[in-house]
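In: What would the 3D arrangement of this be:
(one chain, ligands or ions: 1)
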Amino acid sequence: MSSKEPSFRESVDLMFNRAVALMDLPPGLEEKIRVCNATYTVRFGVRLRGQIQTFTGYRSVHSEHMEPVKGGIRYAMGVNQDEVEALAALMTYKCALVEAPFGGSKGGLRIDPRQYEEHELELITRRFAYELAKRDLIHPSQNVPAPDMGTGEREMAWIADQYRRMNTTDINANACVTGKPTHAGGIQGRVEATGRGVQYALKEYFRHPEDVAQAGLSGKLDGKRIVVQGLGNVGYHAAKFLREEDGALITGIIERDGALISDKGLDVEAVRSWISNHGGVKGYADAEYVAEGAKILEKECDILIPAAMEGVINLANAHRIAAPLIIEAANGPITAGADEILREKGTVIIPDMYANAGGVTVSYFEWVKNLSHIRFGRMGRRQEEARHQLIVDELARLDEHLGGAWSMTPDFKQKYLRGADELELVRSGLDDTMRVAYQSMAEVWRTRDDVSDLRTAAYLVAIGRVALSYRAKGL
Ligand code: GLU
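Out: Residues are numbered from 1 along each chain as shown. Predicted structure coming up:
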């Protein structure tokens with residue numbers, strides 16, 4: 001990266017500043033919203049392999065205009081205070097944009113999880129959770145973590161159990177963390193949620209031909225050429241659904257050890273299982289392998305999905321990015337400098353705070369489920385089916401009356417009769433959330449002459465909501 005490149009934290013601040021310059025906030029409130037309220041650094045020792053190893057972890061609370069505050073915990077060697085604070089700020093804006101009633105937070109542990117056995121990771125995670133929980137940095141009504149890079153259901157189950165051991169009489173203990181496995185208080189559809197949200201975001205974008213035209217594209221998602229960077233949980237689900245359900249062609253997959261390209265489209269499922277068996281994409285038969293994977297970010301395609309980490313599109317490669325449409329599935333994949341270059345080129349960027357908000361949206365549903373102690377759909381499903389049965393019976397009676405002159409479409413009856421289960425309800429809630437949030441952001445983009453990109457529009461909507469909430473508190 002060039003030395004002029006702003007850090008991730010500076011990038012978020014620059015983008016925030018660009019947006020607030022267009023707003024009319026009362027003096028001081030802008031600064032109040034921008035700064036991180038608190039960042040805790042915890043250092044703790046765990047006895048592993050015969051010696052004590054010291055780990056450094058963070059939990060940053062960006063804004064408490066709503067509580068609990070929400071945001072994932074990542075396990076990566078690059079974790080540091082600046083990164084955690086930038087990610088916490090993004091969580092504040094993300095939650096505001098999709099109307100999840102949370103403030104923003106983020107956590108991180110400086111560790112390479114691949115270097116540890118499962119039982120070691122459990123010891124480390126439980127100890128980290130203990131350090132956070134005893135400071136109320138894990139708490140159902142104060143601070144609710146979730147998975148992020150390097151963590152998943154397994155870690156969330158350990159965290160929930162650790163909290164429960166420390167708070168044996170808290171009836172809402174399960175709501176202390178989201179992204180848990182379904183057998184441990186989780187919700188259907190949380191694992192796929194961020195990738196599913198990326199799919200719903202693109203579907204919504206393609207419902208607006210005038211917005212699609214801004215990227216110089218037309219038509220539907222069907223047949224669009226997509227390059228995805230990172231086949232982790234987010235990239236995998238987004239690519240899989242876009243290919244299987246919307247007919248998009250995945251023409252490039254970039255991973256740690258290189259990239260695969262194929263003009264006829266890659267089989268996402270096959271590539272994923274190749275990676276899990278061989279540790280990387282190299283050697284996969286049905287595609288061309290490119291060792292310098294990052295080069296494929298510059299490959300000609302219709303849609304680029306960076307779904308790996310921050311800063312991958314920067315001053316060094318921004319001018320060579322060919323995709324007319326980029327959807328930020330990762331947090332902060334485009335630096336502020338690159339963002340400017342791309343905007344000048346006319347590239348449309350669907351920003352992270354909207355594009356990857358599917359995760360926290362379904363986390364919100366999981367938290368509500370935990371607090372209400374009942375699965376979504378449990379009360380209404382059979383009643384809904386019974387009412388549908390009444391209509392189907394009535395239609396059948398009509399059919400008989402008309403002597404078969406009119407008849408029901410063969411699978412109508414079966415499809416219509418089924419009441420929605422939890423997964424369908426979660427998807428429906430997520431779809432609605434992504435549509436409504438897109439519309440609020442796109443409305444600003446279309447109607448304000450001084451707003452030329454979706455990111456600024458998203459910041460305007462989000463900051464406006466946070467500001468309203470502070471004002472309501474009398475600030
Ligand atoms: N880590 C995810 C994110 O960056 C999910 C956060 C959550 O579910 O609270 O949005």
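In: Cys36 contacts His62, doesn't it?
Out: Yes. Counting by C-beta atoms under 8 Å, Cys36 touches His62, with 4.9 Å between them. Yep, even glycine has a C-beta here, placed from its N, CA and C like the rest.
In: Pick out whichever of those two has more residues nearby.
Out: When Cys36 and His62 are compared for neighbours, His62 comes out ahead with 28 against 20, by other C-beta atoms under 10 Å.
In: Enumerate every residue touching that one.
Out: Residues in contact with His62, defined by C-beta atoms under 8 Å, 6 or more residues apart in numbering, are Cys36, Asn37, Val69, Glu85, Ala88, Ala89, Met91, Thr92, Gly103, Gly104, Ser105, Lys106.
In: and it, helix, strand or coil?
Out: At His62, secondary structure determined by DSSP: H, G, I helix; E, B strand; the rest coil is strand.
In: go on, Val42?
Out: Under three-state DSSP, Val42 comes out as strand.
In: can you tell me which residues contact it?
Out: Thr56, Gly57, Tyr58, Arg59, Phe128, Glu131, Leu132.
In: The nearest residue to Pro324 once chain neighbours are set aside: neighbouring residues, count only.
Out: Among residues not flanking Pro324 along the chain, Ala215 sits closest, at 4.3 Å (C-beta to C-beta, 6 or more residues apart in numbering). Using other C-beta under 10 Å, Ala215 is surrounded by 19 other residues.
In: Just say helix, strand or coil for Lys264.
Out: At Lys264 the chain is in coil, as set by three-state DSSP.
In: about what we covered before: could you pick out which of the contacts of His62 are located in helices?
Out: Of the contacts of His62, the ones assigned to helices by DSSP state H are Glu85, Ala88, Ala89, Met91, Thr92.
In: Show me the beta-bridge partners of the residue lying closest to the last one once chain neighbours are set aside.
Out: In space, Thr92 comes closest to Gly104 once its chain neighbours are excluded; the distance is 2.9 Å by C-beta to C-beta, 6+ apart. The bridge-partner assignment for Gly104, based on DSSP bridges, gives Ser63, Lys70.
In: what's the answer for Tyr75, then?
Out: Leu109.
In: Correct me if wrong: it contacts Pro113.
Out: Yes. Taking C-beta under 8 Å as the definition, Tyr75 is a contact partner of Pro113 at 4.6 Å.
In: between these two, what contacts are shared?
Out: Gly150, Thr151.
In: Same drill for the two, tell me which one is more crowded.
Out: Legend: neighbour count by other C-beta under 10 Å for Tyr75 and Pro113, higher for Tyr75 (26 against 20).
In: Can you tell me how far the more buried one is from Gly107?
Out: Separation of Tyr75 from Gly107 (C-beta to C-beta, to the nearest Å): 10 Å.
In: Which parts of the stretch 51-200 of the chain are helices?
Out: Secondary structure of the stretch 51-200 of the chain (DSSP state H, counting those that start in this stretch): helices located at 81-97, 118-133, 153-166, 193-205.
In: Adding mean pLDDT, write those helices out as TSV.
Out: Shown next, in TSV, are these (pLDDT from 0 to 100):
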stretch	mean pLDDT
helix 81-97	97
helix 118-133	98
helix 153-166	98
helix 193-205	98
